[in-house]
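>>> here are the coordinates; sequence isn't available:
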């Protein structure tokens with residue numbers, strides 16, 4: 001659908017803000033998406049952006065409605081995995097599993113199929129079917145040594161499932177493989193490995209602040225001791241008459 005030029009510019013500006021903020025300030029991104037939606041609800045890209053903004057802020061029912069609308073407009077199956085994940089978010093993992101078996105999945109590209117596998121495994125875990133979740137993730141894509149954009153997340157999900165099943169040694173191995181593939185830091189595999197190995201990380205900024213606070217406290221205590229010592233020395237150095245006069249001034253006068 002084409003829009004008048006000025007309206008198209010306004011819509012585009014809001015969509016740019018959605019894309020810019022969605023990872024940093026999801027609520028603000030959602031607000032921009034609602035503006036774009038009011039301006040151009042019949043544009044598929046707007047419905048999709050609104051869907052992702054709602055999804056990121058855990059408004060799963062709203063996100064699912066927007067994704068369905070975008071899919072009706074385009075006929076694409078690209079959003080099928082995230083639609084299934086919305087069903088999980090709504091507490092309906094069985095529907096997510098049903099979607100994983102639909103013909104639409106075969107139409108997805110490799111990245112989409114891996115995403116669908118991740119959603120299906122998550123649904124299995126939602127249903128306390130941990131062993132089935134592990135089996136769901138076992139695939140040629142998992143076994144491949146080639147690294148793709150989805151590789152870190154697939155390996156990470158497998159490691160996390162293994163750990164939940166009590167298979168700690170295997171989990172450590174796969175967290176390590178996830179870390180090797182995760183050049184962009186999309187997972188916290190390094191932290192999970194450290195936890196397994198009993199390593200604790202200390203925030204350097206917090207530690208430095210604590211050190212500064214301790215030094216400031218020590219300095220304050222030193223100033224207090226120094227002032228007290230100076231007063232004591234002054235008292236001892238004062239002539240006896242002065243000390244007597246000071247006491248007499250505080251006490252009652254004699255008749």
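Arrived safely, thanks for sending. From a predicted model like this one, the values you see are computed outputs, not experimental measurements. Numbering: from 1, shown residues only.
>>> just for this protein, where's the confidence low?
Low-confidence segments of the chain (pLDDT under 70): 1, 201-255.
>>> Check which helices and strands the strand or helix carrying residue 178 is in contact with.
Assigned by DSSP states H and E, residue 178 belongs to helix 168-181. Taking 3 or more C-beta pairs under 8 Å, 6 or more residues apart in numbering; DSSP states H and E as contact, the helices and strands that helix 168-181 lies on are helix 151-164, helix 189-196. C-betas here are computed from N, CA, C, even on glycine.
>>> so which of those helices is the most packed in?
helix 151-164 (a mean of 22; mean count of other C-beta atoms under 10 Å).
>>> Can you spell out which helices and strands pack onto it?
helix 110-126, helix 130-137, helix 140-143, helix 168-181, helix 189-196.
>>> Show me what the longest one is in contact with.
Surrounding helix 110-126, the residues in contact under the criterion C-beta atoms under 8 Å, 6 or more residues apart in numbering are 77-78, 80-82, 84-85, 88, 93-94, 96-97, 99-100, 105, 108, 130, 132-134, 136-137, 139, 141, 148-150, 153-154, 157, 161, 164.
>>> For PyMOL, write the select line for the buried members of those residues.
Buried members of the contacts of helix 110-126, defined by 16 or more other C-beta atoms under 10 Å, are picked up in PyMOL with:
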select buried, resi 77+78+80+81+82+84+85+88+93+96+97+99+100+105+108+130+132+133+134+136+137+141+150+153+154+157+161
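>>> rewinding a little: how about the helices and strands packed on helix 168-181, which one is nearest residue 70?
Nearest to residue 70 among the helices and strands packed on helix 168-181 is helix 151-164 (23.2 Å), distances taken as C-beta to C-beta.
>>> correct me, but residue 151 touches residue 181?
Yes. Assessed by C-beta atoms under 8 Å, residue 151 is found in contact with residue 181 at 4.4 Å.
>>> Can you check which of the helices and strands packed on helix 168-181 gets nearest to residue 23?
With C-beta to C-beta as the yardstick, what comes closest out of the helices and strands packed on helix 168-181 is helix 151-164 (15.4 Å).
>>> got the angle between that closest one and helix 110-126?
20 degrees (axes from the mean of the first three to the mean of the last three C-alpha atoms, to 10 degrees).
>>> How far away from the center of its chain is helix 151-164?
Per C-alpha atoms, centre = their mean, to the nearest Å, the displacement of helix 151-164 from the mean C-alpha position of its chain is 17 Å.
>>> Now do that helix against helix 189-196, angle only.
Counting by the same axes, to 10 degrees, helix 151-164 lies at 20 degrees to helix 189-196.
>>> what does helix 151-164 contact?
Under C-beta under 8 Å, 6+ apart, the answer for helix 151-164 is 114, 117-118, 121-122, 125, 130, 133-134, 137-138, 141-142, 144, 168, 170-175, 177-179, 181-182, 184, 186-187, 189, 192, 196.
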